[in-house]
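Asker: Pasting the sequence and the predicted model now:
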Amino acid sequence: MQQKENQGIIRVLSIYLKRSKVRNLIVLFLVILISSCAKQSTPMGGPRDLDPPKVISMSPENNSLNSTPKEIELVFDEYIKLDNATKNIIITPRVNKDEVIVSALKNIVTIELNQELEDSTTYVFNFQKSIQDLSEGNPAENLKLVFSTGSSIDSLTFSGSVNTYFPDARDPFENLLIGLYEANDTTDLFTASPYYISQTDSTGNFTITNIKAGSYRAYAWKDANNSLKAEYKSELFDFIPDTLTINQNISDVTFNLAKGDQTPIRILRSSPVGLSYDVILNKNPISIDLETEELGKSIFYSESDKRISLYSKSPLTDSIPMKIQLADSVGNTIDSLIWSKFEPSERKKEELTIQPNSGKSFYQNLAIELKFNKPIIDINTDSLFISYDTASVIPVTKQMLAFSDSSRRDKLLISLVIADSLAQEIFTLNAKDSTFQDIEQVYNKDPLKANYRKLKRETLADEISGSILGTSGPYIVQLLNKDEIKRELYLPTGNTFSFALIEAGIYQIRVIADSNGNKRWDPANFESKRLAEQVFYFEDEDQSKDITIRAGWTVPAQLIVARPKTGINTQNTQVDN
């Protein structure tokens with residue numbers, strides 16, 4: 001019907017063309033009209049198409065030998081479209097994907113390779129979900145093309161699963177890649193795409209097929225930016241430290257991904273800034289060790305984002321030598337000597353700011369934490385108190401106060417016990433203006449109020465307890481609620497744990513196998529081939545991590561079994577040391 005209408009319009013316009021002086025303009029209009037009617041489009045109406053497109057033919061044919069195509073063509077039984085073909089079509093072994101051109105026209109997909117292929121090599125084109133039908137977007141299922149430039153098809157496989165140490169529930173297995181690099185290749189997952197590559201499915205499993213026998217290095221990473229390599233500062237990754245000799249199928253491979261900025265820590269510069277002396281770093285340190293005679297007496301320091309600020313109680317005419325030792329999260333260290341200067345300055349002093357840990361719940365033991373942007377020298381306890389109704393207060397005494405680090409004095413801890421006889425729920429820390437004085441003689445300008453909620457014994461669960469199996473300690477055991485650490489235990493020996501008097505709710509239990517005993521989790525160090533410390537969770541028989549506990553409940557004998565370490569079943573693999 002539409003075609004007949006178009007023909008009628010063309011006949012009428014043709015008559016008009018003979019009389020018109022704007023014939024060229026009308027001809028152009030006709031060309032646009034006719035071409036738009038001929039465009040490929042989704043049919044309107046009719047039953048929904050639920051069938052995926054099917055391949056009618058491939059060139060070269062699947063599993064063909066001695067084939068060195070310049071172009072690959074796939075013909076389907078219906079019109080198709082491409083979905084992010086550059087990312088979703090995985091080609092192994094490695095080719096220069098910048099030269100590959102993929103296009104779709106009607107029911108034909110064409111791949112222009114624009115490069116020479118390696119001799120006696122099996123190539124695999126895994127199309128995943130990149131080819132879809134035009135009408136409904138149904139992807140072609142399990143579509144692969146395999147061919148060899150030599151006289152045989154390589155058939156070895158490398159398969160297993162990928163886990164993440166700190167899982168993201170939003171996309172746990174999205175964009176996770178596994179790559180094999182030839183042992184003599186000078187590149188790795190941070191510098192170039194791999195020789196063989198695969199992607200995990202929705203459950204974290206993977207298989208690399210059609211591998212040529214040889215020696216390889218194996219890596220896994222989260223490719224968030226689709227570069228086919230890992231970003232060493234920001235993306236999850238893992239690796240098998242040893243070179244693998246693959247001459248038979250390998251299964252039961254495990255990777256455990258985690259972040260760990262591999263950049264070695266460095267001092268970028270140091271200089272006076274007002275009354276302070278600042279050391280600027282390229283990344284945040286995990287530990288700071290300063291040595292000078294007056295540290296903790298007249299010289300103190302604080303830390304902010306990639307910055308260590310040194311302060312002196314008074315200006316000094318001479319430079320002060322100070323040893324500085326820093327370590328980052330992956331174990332890189334730096335040992336340096338700086339000469340700090342504390343000269344008089346007319347620069348405006350920075351205001352004193354306070355960050356309380358307000359909003360915390362407690363039972364009996366009230367632990368208040370105040371973080372300051374500069375070291376604190378004096379506290380007026382006469383204007384520091386805790387109120388729990390309109391007329392009742394608890395004075396804060398010096399015995400309740402402690403700094404977490406005497407050489408920093410920028411984190412103040414206030415600890416006291418609130419008796420059960422006080423039935424009020426909300427307790428408020430009050431600090432008037434000018435309560436705190438920092439090392440630059442600056443007082444807090446504004447009064448501070450921070451609220452804390454006291455829990456009643458009858459609302460608390462009695463205990464969650466259990467044991468850890470499958471790996472060795474020491475252990476860090478963390479009780480989590482909505483990804484926040486509510487309680488933490490350190491087990492230097494043994495494998496049993498217990499959390500008592502817990503606020504009712506839904507929890508998870510996370511365990512860190514602290515193999516080096518430094519009481520924190522350490523990520524991988526790629527340069528030294530040191531793997532990240534194991535992290536695993538309690539999971540019930542349905543693989544749920546959640547533990548629900550209510551007032552008065554006891555949840556005993558929770559068994560936490562460590563997930564497999566990074567590596568492979570050595571019975572199936574030969575390993576070169």
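Answerer: All right, it came through fine.
Asker: chain center to stretch 187-201, what's the gap?
Answerer: 18 Å (Cα atoms, centre = their mean, to the nearest Å).
Asker: my bad, stretch 464-483
Answerer: 22 Å.
Asker: could you give the mean pLDDT of that stretch?
Answerer: Stretch 464-483 shows a mean pLDDT of 95.
Asker: again with stretch 268-279
Answerer: pLDDT averaged over stretch 268-279 gives 93.
Asker: Could I get the CA-only coordinates of it as CSV?
Answerer: The C-alpha coordinates for stretch 268-279 follow below in CSV (Å, rounded to 0.1, in the frame of the first residue of the first chain):
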residue,chain,number,x,y,z
LEU,A,268,56.7,15.3,45.4
ARG,A,269,57.9,18.5,47.3
SER,A,270,58.1,20.1,50.7
SER,A,271,57.9,23.7,51.7
PRO,A,272,56.7,26.2,54.3
VAL,A,273,53.0,27.1,54.1
GLY,A,274,52.2,29.8,56.6
LEU,A,275,53.3,28.6,60.0
SER,A,276,53.3,25.0,59.0
TYR,A,277,55.8,22.9,56.9
ASP,A,278,54.0,20.7,54.3
VAL,A,279,55.2,17.5,52.7
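Asker: residues in contact with it?
Answerer: Stretch 268-279 is contacted by residues 267, 280-282, 307-312, 315, 324, 338, 340-345, 347-350, 440 when judged by Cβ atoms under 8 Å, 6 or more residues apart in numbering. The C-beta positions use only the backbone N, C-alpha and C, and glycine is treated the same way.
Asker: Quick one: low-confidence residue ranges for the chain.
Answerer: 1-47, 49, 570-577 (pLDDT under 70).
Asker: Show me the helices in it, by range?
Answerer: Listed in chain order, the helices of the chain (DSSP state H) span 2-17, 23-37, 85-88.
Asker: How about residue 510: what's its closest non-neighbour residue?
Answerer: residue 478 (4.5 Å; Cβ to Cβ, 6 or more residues apart in numbering).
Asker: mind listing what the spatially closest residue to residue 335 that is not a sequence neighbour touches?
Answerer: Nearest residue to residue 335, sequence neighbours excluded (Cβ to Cβ, 6+ apart): residue 325, at 5.1 Å. By Cβ under 8 Å, 6+ apart, the contact list for residue 325 reads 288-291, 333-336.
Asker: rerun at 10 Å
Answerer: Under the criterion of Cβ atoms under 10 Å, 6 or more residues apart in numbering, the neighbours of residue 325 are 285, 287-291, 333-336.
Asker: Ok, residue 281 next?
Answerer: Residue 281 touches 265-270, 288, 303, 305-308, 326, 328, 334, counting by Cβ under 10 Å, 6+ apart.
Asker: Type out the PyMOL command that picks the buried ones from those residues.
Answerer: In PyMOL, this line selects whichever of those come out buried by 16 or more other Cβ atoms under 10 Å:
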select buried, resi 265+270+288+308+326+328
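Asker: between the contacts of residue 281, which is nearest residue 181?
Answerer: Nearest to residue 181 among the contacts of residue 281 is residue 328, at 26.0 Å by Cβ to Cβ.
Asker: Tell me how far the closest one lies from residue 543.
Answerer: 35 Å (Cβ to Cβ, to the nearest Å).
Asker: Report the beta-bridge partners for residue 217.
Answerer: With DSSP bridges applied, residue 217 shows beta-bridge pairing to residue 181.
Asker: Same question for the one 4 residues further on.
Answerer: For residue 221, the beta-bridge partners are residue 177, residue 237 (DSSP bridges).
Asker: Next up, the contacts around the closest residue to residue 388 other than its chain neighbours.
Answerer: Nearest non-adjacent residue to residue 388, counting by Cβ to Cβ, 6+ apart: residue 424, 4.3 Å away. By Cβ under 10 Å, 6+ apart, the residues touching residue 424 are 387-389, 392, 418, 454.
Asker: show me the contacts for residue 139.
Answerer: By Cβ under 10 Å, 6+ apart, the contact set of residue 139 is 52-53, 80, 83, 88, 127-133.
Asker: Repeat the analysis, applying 7 Å as the threshold.
Answerer: 52, 129, 131-132 (Cβ atoms under 7 Å, 6 or more residues apart in numbering).
Asker: Would you quantify the distance from it to residue 108?
Answerer: Residue 139 sits 17 Å away from residue 108, taking Cβ to Cβ as the criterion.
Asker: Can you point out the buried residues in stretch 399-418?
Answerer: So stretch 399-418, judged by 16+ other Cβ under 10 Å, has buried residues 400-401, 403, 407-412, 414, 416, 418.
Asker: One more: stretch 51-69?
Answerer: Buried residues in stretch 51-69, counting neighbours by 16+ other Cβ under 10 Å, are found at 52-53, 55, 58, 60, 67-69.
Asker: Figure out how far it is from the centre of its chain.
Answerer: With Cα atoms, centre = their mean, you get 38 Å for stretch 51-69.
Asker: Kindly report the same for stretch 242-260.
Answerer: The chain centre lies 21 Å from the centre of stretch 242-260; the measure is Cα atoms, centre = their mean.
Asker: Please spell out which residues along it are buried.
Answerer: 242, 244, 246, 250, 253-260.
Asker: go on, stretch 328-345?
Answerer: For stretch 328-345, by 16+ other Cβ under 10 Å, it's 328-332, 338, 340-342.
Asker: How about stretch 365-383?
Answerer: Across stretch 365-383, burial judged by 16+ other Cβ under 10 Å covers 366, 368-370, 372, 374-376, 379.
Asker: end to end, how far does that stretch reach?
Answerer: 22 Å (Cα to Cα, to the nearest Å).
Asker: The closest residue to residue 153 other than its chain neighbours: neighbouring residues, count only.
Answerer: Spatial nearest neighbour of residue 153, excluding adjacent residues (Cβ to Cβ, 6+ apart): residue 122 at 5.3 Å. Neighbours of residue 122 under the rule other Cβ atoms under 10 Å: 23.
Asker: who's residue 122 bridged to?
Answerer: residue 148.
Asker: wait, isn't it in contact with residue 151?
Answerer: No - contact criterion Cβ atoms under 7 Å: residue 122 and residue 151 do not qualify, at 10.9 Å.
Asker: Can you show me the strands along the stretch 101-250 of the chain?
Answerer: 101-105, 108-112, 122-126, 131-133, 144-148, 156-164, 176-182, 196-199, 205-211, 214-222, 237-239, 243-246, 250-257 (DSSP state E, counting those that start in this stretch).
Asker: Next, format these as CSV and append distance to residue 539.
Answerer: Converted to CSV, those look like this (distance: least, Cβ to Cβ, whole Å):
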stretch, distance to residue 539
strand 101-105, 41
strand 108-112, 42
strand 122-126, 31
strand 131-133, 36
strand 144-148, 34
strand 156-164, 12
strand 176-182, 20
strand 196-199, 25
strand 205-211, 17
strand 214-222, 21
strand 237-239, 20
strand 243-246, 29
strand 250-257, 15
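Asker: of all these, which lies closest to residue 537?
Answerer: Short answer: strand 156-164, nearest of the strands of the stretch 101-250 of the chain by Cβ to Cβ, at 10.5 Å.
Asker: Please name every helix or strand in contact with that closest one.
Answerer: Applying 3 or more Cβ pairs under 7 Å, 6 or more residues apart in numbering; DSSP states H and E, one finds that strand 156-164 makes contact with strand 176-182, strand 205-211, strand 250-257.
Asker: in it, what's buried?
Answerer: Across strand 156-164, burial judged by 16+ other Cβ under 10 Å covers 156-164.
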